[in-house]
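K.L.:
Need coordinates for the following:
(one chain, ligands or ions: 3)
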Amino acid sequence: MKPIRFGVLTVSDTCFSKQNQDLSGPKLQECIRASFPDASIIATRIVPDEKEMIKNALLEWSSQGVMDVILTTGGTGFAQRDVTPEATKAIIDKEAPGLSYAIISKGMAVTELAVLSRAVSGIKNKTLIINLPGSVKGASESFGFIKNVLKHAVAHVREDRETIKCDHKHIRDLSPSKVKIHQSAYRNRNSPYPQIDVDVALAMIFEKLPIASVTECVDISKSLCRILAEDVYAKEPMPPFNASIKDGYAVKTSDGAGVRKVRNVVAAGDVPDSARPLDDDEIVSISTGAPVPQGADAVVQIEDTVLVQASSDGSRELLVEIKVAPKLYQDIRPVGSEITANELVIHKGDAITFGHIGVLATLGKVNVQVYKRPQIGLISTGNELQAPHEELKPSHIRDSNKLALLNLLRQYSYEASDCGIAKDNPDSVKKALHSALAHYDVIITTGGVSMGEFDLIKNVLEEDFNATIHFGRVNMKPGKPTTFATCNFEGKLKVIFGLPGNPVSAMVTTILFVIPALRHLENSKQKSLPMIPVVLGEQFTVDPRPEYVRVRLEAGDNVLTAYSVGNQISSKINSFINANALMLVPSKLVHPNSFKKGDILNAIMLN
Ligand SMILES: Nc1nc2c(c(=O)[nH]1)N[C@H]1C(S)=C(S)[C@@H](COP(=O)(O)OP(=O)(O)OC[C@H]3O[C@@H](n4cnc5c(N)ncnc54)[C@H](O)[C@@H]3O)O[C@H]1N2
Ligand code: MOO
Ligand SMILES: [Mg+2]
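P.N.:
Residues are numbered from 1 along each chain as shown. Ligands and ions are numbered 1, 2, ... in the order given. The predicted model follows:
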């Protein structure tokens, strides 16, 4: 469906007369942008509590066919001058009372005073008009109560049958999950998923996921870490003129050493007099970065000169002695000596660093084409989970995975959105996944992927979303039950990483699988994180599974030495506090004995 086009009309005498600042209008714009990122806000306006002026604004906006929704804020109360509902009623073709009813009834859960609203909603031409309260809190809360039905409402007003059909399918899809857990006595006693190696799992991810072909234009200031989708050429040479490398004097080498007349001063940014090239025995006082005047072919640094005569007030140098005979072109950066005009300076496929951004700024290129990134949603699962700010109830723990993973992703430059906490029952898992799949391309869940009767992610993905589970177990410690699946949701390929619930397992598998997958999806050349050799500072025991051990690397003479941060159990989230690397200790099946102090293994740097 085409993005929704909004108008926001603030109705207030005091805001109109500028006695008060309009806060509700801007707040509603913020709410619109947050809930409908691709929507456009066609117009905003402030009118006084005058029925005719409100009517005129609504009529003007709804007659042009450019606005789908007009939100009004203010003038819905019992005061004598509150006339927004009357103005709205006077111009609409049809009422849509359900919207106002929803606002009032849901508002009553917040404050009893919501019953005092007289707000009206209705349709004029092809525009839906909704009255919202005047307070910032009331306006934003009320918008929150109806925002979920707006898309569907607009589709109806536009008579967009395709969207309506699709929305109805959504609603059907939200029927209870097909997964039944009452016969759990007969559940699998062994995992049906083969335990594959990490590199096989990674190869499978790269094989199943497409690389980005769609690009978007971004401002260079927002392009850090993005993958460039165009070759960048220089329009102009750099430097654009012959520039001095030193503070000193622009001279003619043919004059050699000796006393010279100082003709004038050329500072950085000055344009030298091109009509009068430098004469013999003349020099020009010049700053670093200033253009070298015509006729000069070298710069002599001030350290190699002596003042011979100054003006009587000391403000100007008249005669200066050049002590050392200059060499041709010394201390001059010739035009184009760093970048030539039309040169290919940055290549398509590069990951943009601060250095690239500096070059782009130099070239005057303010926007660049980069590959589109997937939108990422994060779901925690577990009946035991509470939000970090909550007092712990018996048998509960706080959800640490959500914030740890959001920020781990951020550390690798990816932004993800919080898609809530699902309970360990099929309906709740289905609901959370459904809403995440509707909004995001890559969904990361934590918890619920192992062997327990309440580990439901894999079943719900298969049964309710017809997902293909490409792998459901990996030969690694921690992270064994890591699950990778794809599904088709409304014609789009969606990617699901079902990560183990144990906090360390979730973080390690994000580093090993999710970051490379995200990089692959955005066409990055560097997918997996590089491993570097490190020297063991102590003995490390071996496990049947290849183990990713949190270690502290200490820099010594040309080597990094690894020490364990202690207990490596996958629930111990604080083991990340002193760790700066993940070191791979190969499986006992490959290397039966412990690794000794001085042995060399490979590690991924964490920070
Ligand atoms: N019979 C078996 N049991 C288990 C196996 C197995 O192979 N056979 N594998 C173990 C391994 S290895 C792991 S890892 C865990 C993975 O468990 P799940 O992914 O099913 O996760 P949960 O059971 O939901 O939770 C595990 C653990 O993590 C805590 N948790 C969950 N979510 C969060 C969160 N958001 N923040 C903080 N902590 C969280 C949860 O309370 C549990 O303690 O399974 C083993 N079992
Ligand atoms: O794989 Mo689990 O992550 O060993 O604890
Ligand atoms: Mg479990």
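
K.L.:
Look at Leu174 and say how many residues are nearby.
P.N.:
For Leu174, the neighbour count with other CB atoms under 10 Å is 14. Just so you know, the C-beta spots here come from the backbone N, C-alpha and C atoms, and that holds for glycine as well.

K.L.:
Does ligand 3 have contacts with stretch 502-510?
P.N.:
No: if you take CB under 5 Å from the ion as the test, stretch 502-510 misses ligand 3, and the best it gets is 8.9 Å.

K.L.:
Can you point out the buried residues in that stretch?
P.N.:
For stretch 502-510, the neighbour count (16 or more other CB atoms under 10 Å) marks 502-510 as buried.

K.L.:
restrict those to those near ligand 2?
P.N.:
Residues of those in contact with ligand 2 (CB under 6 Å from any ligand atom): 502, 505.

K.L.:
out of the buried residues of stretch 502-510, who's nearest Lys124?
P.N.:
Using CB to CB, Thr510 comes nearest to Lys124 of these, at 49.7 Å.

K.L.:
Roughly how far does that closest one sit from Pro530?
P.N.:
Separation of Thr510 from Pro530 (CB to CB, to the nearest Å) stands at 17 Å.

K.L.:
Spatially central residue for this structure, please.
P.N.:
Glu415 (3.8 Å; CA atoms, centre = their mean).

K.L.:
interface residues of the stretch 501-607 of the chain facing ligand 2?
P.N.:
502, 505, 570.

K.L.:
got TSV for those, with pLDDT and distance to Gly598 too?
P.N.:
Formatted as TSV, these follow (pLDDT from 0 to 100; distance: CB to CB, whole Å):
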residue	pLDDT	distance to Gly598
Asn502	97	32
Ser505	98	30
Ser570	92	28
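
K.L.:
So out of everything in the stretch 101-250 of the chain, what residue is nearest ligand 3?
P.N.:
Using CB to the ion, Ser191 is the residue of the stretch 101-250 of the chain that sits closest to ligand 3, at 11.8 Å.

K.L.:
element containing that residue?
P.N.:
Here Ser191 is covered by no helix or strand, with elements defined by DSSP states H and E.

K.L.:
wait, isn't it in contact with Gly472?
P.N.:
Yes: Ser191 is in contact with Gly472 according to CB atoms under 8 Å; the separation is 6.9 Å.

K.L.:
What pLDDT does the model give the closest residue to Thr445 other than its chain neighbours?
P.N.:
Closest residue to Thr445 apart from its sequence neighbours, by CB to CB, 6 or more residues apart in numbering: Ile379 at 4.6 Å. Ile379 is assigned 98 on the pLDDT scale.

K.L.:
Need the overlap of contacts for Ser191 and Gly472.
P.N.:
Jointly contacting Ser191 and Gly472 under the rule CB atoms under 8 Å, 6 or more residues apart in numbering are Pro481.

K.L.:
Settle it for me: which of the two has more neighbours?
P.N.:
Between Ser191 and Gly472, counting by other CB under 10 Å, Gly472 is the more crowded of the two (23 against 14).

K.L.:
State the phi and psi torsions of the more buried one.
P.N.:
phi -130, psi 0 (degrees, to the nearest 10).

K.L.:
so it sits right up against Pro481, yeah?
P.N.:
Yes: if you go by CB under 8 Å, Gly472 and Pro481 touch, sitting 7.0 Å apart.

K.L.:
anything in contact with each of these two?
P.N.:
Shared contacts of Gly472 and Pro481, counting by CB under 8 Å, 6+ apart, come down to 191, 449, 498.

K.L.:
Which one of these is nearest to Arg45?
P.N.:
Gly498 (48.4 Å).

K.L.:
The closest one and ligand 2, how far apart?
P.N.:
Plainly put, Gly498 is 13 Å away from ligand 2 if you go by CB to the nearest ligand atom, to the nearest Å.

K.L.:
My reading is that that residue lies in a strand. Confirm?
P.N.:
Yes: using DSSP: H, G, I helix; E, B strand; the rest coil, the secondary structure at Gly498 is a strand.

K.L.:
Hmm, it is touching Ile457, no?
P.N.:
Yes: the pair Gly498 / Ile457 is scored as a contact, 4.4 Å apart, by CB under 8 Å.

K.L.:
Please identify every residue contacting each of these two.
P.N.:
By CB under 8 Å, 6+ apart, the residues touching both Gly498 and Ile457 are 445, 448-449, 483.

K.L.:
Switch these over to JSON lines; also include pLDDT.
P.N.:
Converted to JSON lines, the shared contacts of Gly498 and Ile457 look like this (pLDDT from 0 to 100):
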{"residue": "Thr445", "pLDDT": "98"}
{"residue": "Gly448", "pLDDT": "96"}
{"residue": "Val449", "pLDDT": "95"}
{"residue": "Thr483", "pLDDT": "98"}
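
K.L.:
Can I get the residues you listed in TSV including neighbour count?
P.N.:
Listed next are the shared contacts of Gly498 and Ile457 as TSV, based on neighbours: other CB atoms under 10 Å:
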residue	neighbour count
Thr445	28
Gly448	26
Val449	27
Thr483	25
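
K.L.:
Format those as TSV; extra columns: secondary structure and distance to Ala234.
P.N.:
Listed next are the shared contacts of Gly498 and Ile457 as TSV, based on DSSP: H, G, I helix; E, B strand; the rest coil; distance: CB to CB, whole Å:
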residue	secondary structure	distance to Ala234
Thr445	strand	47
Gly448	coil	53
Val449	coil	51
Thr483	strand	48
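
K.L.:
Could you check the longest helix along the chain and say which residues are buried?
P.N.:
Across the chain, the longest stretch assigned as helix under DSSP state H is helix 136-158. Using 16+ other CB under 10 Å as the test for burial, helix 136-158 gives 136, 138-143, 145-146, 150-158.

K.L.:
Check the secondary structure at the residue located most distally from the centre of the chain for me.
P.N.:
No residue in the chain sits farther from the centre than Ser312, which is 62.2 Å out by CA atoms, centre = their mean. With three-state DSSP as the basis, Ser312 sits in coil.

K.L.:
Could I get the phi/psi values of it?
P.N.:
The phi/psi pair for Ser312 (degrees, to the nearest 10) reads phi -60, psi -30.

K.L.:
now it: how far from Val495?
P.N.:
79 Å.

K.L.:
Any residues of this structure in contact with ligand 3? List them.
P.N.:
450, 452, 455.
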